[in-house]
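Colleague: got a sequence here, can you build the structure:
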Amino acid sequence: MKTFTKQLTWLFAGALVFSASSAMAQIAGSQHDMTSANSQNVTGTNDQVCVYCHTPHGADTSEPGLPLWNKTLPAGTGYTRYSSTGTPSFDSTEADVGSVSLACLSCHDGTQAMDSVINLPGSGGWSLAGANIDSGTSMTGTPVPMLGTDLSDDHPISIPYAAGGALATDPIGLFPGTLADADFNKPYKAVINSQSIWWVDTPDGGNAGARDKKDLPLYTRLEGATAEPFVECGSCHDPHNAGSQVAGQTVAFLRTDDNAASQICVACHNK
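Modeller: Next up, the predicted model:
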């Protein structure tokens, strides 16, 4: 199935702003901080926090809409998908892995080094094939955080939300129609820059019907000529939210402050 993808950059990119009163932690010092000052994942002399994922110039444009991505993206094929489990409860089609999920997998499938980037820090270091900043270390720690290319034991991604139903032709606001799978809560829709966007409200979001940082974004993809919302890695995970302490446990890179009472799950799943 040939799938074209589109998404709004700001769904994935975010400001690295932190205050003592905020429950959202910044990326500096987190496991996504691979600088020499932190050295959680790679060792070396680089002190640029953002360069491991983003570049202001010369980004990978093979997947439309990704936020100035500084890594060569893997192909959307070649992954073992959730549908291979044969579970009868899975009633959705699957597109090729795409959208923001490919950005996550450019590190988390372990096929290239975490510090392999297109545009090295400084000037004169651009190469679409990628080059290593420091050690050339690939992701480890199977099955998390190194997911590998077998995604059958992970939540399905690159699937239409609720197996389909919501379309770009729907009116703005809460989805008024019938979702293909009625066991899902209805998403909200807005239009920004003539593009349809969707999200699912969470209790942490605060403003019902108005998208907030802590709501769950859905990513616009085209199936044929029909734009519709898809579930991707970034629907549940915020790469810029290192996590907050809840009952002594770190909730890592979730959209919400915590997952008390499974709020990430029940935001979408009507259980």
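
Colleague: can you give me the helices in the chain?
Modeller: 100-108, 233-236, 263-268 (DSSP state H).

Colleague: chain neighbours aside, what residue packs nearest to residue 208?
Modeller: Counting by C-beta to C-beta, 6 or more residues apart in numbering, the nearest residue to residue 208 once its immediate chain neighbours are dropped is residue 201, at 5.7 Å. C-beta coordinates here come from the backbone N, C-alpha and C atoms, glycine included.

Colleague: right, and the one you found touches residue 174 too?
Modeller: No: using C-beta atoms under 8 Å, residue 201 and residue 174 do not qualify as a contacting pair, with a distance of 9.1 Å.

Colleague: those two - which one has more neighbours?
Modeller: residue 201 (22 against 14; other C-beta atoms under 10 Å).

Colleague: about what we covered before: who's in contact with the residue nearest to residue 208?
Modeller: Residue 201 sits next to 188, 208, 209, 215, 267 when contact means C-beta atoms under 8 Å, 6 or more residues apart in numbering.

Colleague: count of neighbours near the fourth one?
Modeller: Other residues lying near residue 215 total 24 when counted by other C-beta under 10 Å.

Colleague: again, but for residue 195
Modeller: Neighbour tally, residue 195, other C-beta under 10 Å: 14.

Colleague: give me the beta-bridge partners of it?
Modeller: Beta-bridge partners for residue 195, by DSSP bridges, are residue 192.

Colleague: distance check, it against residue 186.
Modeller: 20 Å (C-beta to C-beta, to the nearest Å).

Colleague: just residue 46 next, same as before
Modeller: Distance from residue 46 to residue 186, by C-beta to C-beta: 45 Å.

Colleague: how far off centre is stretch 79-95?
Modeller: 19 Å (C-alpha atoms, centre = their mean, to the nearest Å).

Colleague: apologies, that question was intended for stretch 94-110.
Modeller: The answer for stretch 94-110 is 8 Å, by C-alpha atoms, centre = their mean.

Colleague: span of that stretch from start to end?
Modeller: 22 Å (C-alpha to C-alpha, to the nearest Å).

Colleague: which residues sit in contact with residue 242?
Modeller: Per C-beta under 8 Å, 6+ apart, neighbours of residue 242: 25, 26, 27, 29, 30, 31, 32, 252, 253.

Colleague: any idea how far stretch 30-48 is from the chain center?
Modeller: 21 Å.

Colleague: what sits up against it?
Modeller: 27-29, 49, 52-53, 114-115, 121, 133-135, 137, 145, 239-240, 242-243, 252-253.

Colleague: which among these end up buried?
Modeller: Taking 16 or more other C-beta atoms under 10 Å as the criterion, what is buried in these is 27, 49, 52-53, 114-115, 133-134, 137, 145, 239-240, 242-243, 252-253.

Colleague: in this protein, which spans are strands?
Modeller: For the chain, the strands defined by DSSP state E cover 3-5, 116-119, 126-132, 159-160, 173-174, 188-192, 195-200, 216-223, 226-231, 244-246, 249-251.

Colleague: and residue 271, which of those is closest to it?
Modeller: strand 195-200 (13.9 Å; C-beta to C-beta).

Colleague: dump the residue contacts of residue 127.
Modeller: So residue 127 contacts residue 118 (C-beta under 8 Å, 6+ apart).

Colleague: tell me how far it lies from residue 224.
Modeller: In terms of C-beta to C-beta, residue 127 sits 35 Å off from residue 224.

Colleague: what's across from residue 173 in the sheet?
Modeller: residue 189.

Colleague: burial measure for it, as a count.
Modeller: Neighbours around residue 173, by other C-beta under 10 Å: 11.

Colleague: and if you look at the one 4 residues further on?
Modeller: When neighbours are defined as other C-beta under 10 Å, residue 177 has 10 of them.

Colleague: and residue 76, by the same measure?
Modeller: Neighbours of residue 76 (other C-beta under 10 Å): 19.
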